[in-house]
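J.: model this:
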Amino acid sequence: MFFGGTGVAGLSCPLGAVHSIETGRLRLVVARRRALVAHWDGLDERSRQWVGVQPGDLSENPAEPDGSDPLLWHADRAEFLGYDIETGQVVSAVTLWRDAGEHVVSGTVAEPWRGRGYGAESLALVCAIAHRHLGIARLCAGSAAGDEAAARCLSASGFAAAGEPVPFTLPSGRVIEARPWERTDPEARLRCRNPPW
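T.: This is a model prediction of the structure:
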């Protein structure tokens, strides 16, 4: 069954990189660079510990040289931000990228919004987009050893543990032990007119 030609109920894909979807409380959109930089720079220490992002990692050049604020949907990577509909505040960020031939997802939830299901909801929406709109049959993810919240989030959004922990290098260069997870959809199909890869 098709939903507006996008493959995902409620997904808007009007042109180019512009994509958005809403639930009763969450609006998920392809991120603009400045909004993502502001989110990452505002992360608390706990989030930085798990994802390896430090203050200023992205903010040295938050806009392109020409001053534009591009949508981050290109070159093997798509960045999404989740906004609480009632307050308009960013509650989550999810990244979908290709690494060594695999499609990987990761995400964070802003500190005051944790424990309310926003992480699993955001991740499940991005996975639906990846499977049913971008045609990706298998997605990979990882959870750091001891991060039970991430393991619960991955499980709640349809991932299954896929082996023992292995060393994983974060963008900051920090190496952690991460348990691999995967999610598959045998009915995955490309429907997007402008996929990021």
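
J.: now residue 91, nearest residue through space, not along the chain?
T.: In space, and not counting its chain neighbours, residue 91 is closest to residue 113: 4.1 Å by CB to CB, 6 or more residues apart in numbering. (Each C-beta comes from the backbone N, C-alpha and C, glycine too.)

J.: With residue 154 instead?
T.: residue 181 (4.8 Å).

J.: Which helix or strand contains that neighbour?
T.: Secondary-structure assignment from DSSP states H and E places residue 181 in strand 175-184.

J.: and that strand, what's its mean pLDDT?
T.: Strand 175-184 comes out with an average pLDDT of 90.

J.: quick one: which helix or strand includes the closest residue to residue 16 other than its chain neighbours?
T.: Once flanking residues are discounted, residue 16 sits nearest to residue 194: 5.3 Å by CB to CB, 6+ apart. Assigned by DSSP H and E, residue 194 falls within no helix or strand.

J.: How about the contacts made by residue 194?
T.: The contact partners of residue 194, by CB atoms under 8 Å, 6 or more residues apart in numbering, come to 15, 16, 17, 73.

J.: what's the single longest helix in the chain?
T.: helix 118-128 (DSSP state H).

J.: Pairing partners for the helix or strand that that helix is followed by, with directions?
T.: Moving toward the C-terminus from helix 118-128, the next helix or strand (DSSP H and E) is strand 138-144. Paired strands of strand 138-144, with direction, are strand 102-109 (parallel), strand 175-184 (antiparallel) (DSSP bridges).

J.: Quick check: mean pLDDT of the helix or strand following strand 138-144?
T.: Using DSSP H and E, the helix or strand that follows strand 138-144 in sequence is helix 148-156. Averaged over helix 148-156, pLDDT sits at 92.

J.: Then stretch 106-121?
T.: So the average pLDDT for stretch 106-121 ends up being 91.

J.: Contacts for it next, please.
T.: By CB under 8 Å, 6+ apart, stretch 106-121 touches 23, 26, 39, 42-44, 46-47, 50-51, 82, 84, 89-95, 122-123, 126, 141-142, 149, 152-153, 156-157.

J.: again, only using 6 Å
T.: Here stretch 106-121 makes contact (CB atoms under 6 Å, 6 or more residues apart in numbering) with 26, 44, 47, 51, 91-95, 123, 153, 156-157.

J.: Out of these, which comes closest to residue 101?
T.: residue 95 (17.1 Å; CB to CB).

J.: where's whatever helix or strand that closest one lives in relative to the chain centroid, distance-wise?
T.: Assigned by DSSP H and E, residue 95 belongs to strand 90-99. Its chain's C-alpha centre and that of strand 90-99 lie 2 Å apart, by CA atoms, centre = their mean, to the nearest Å.
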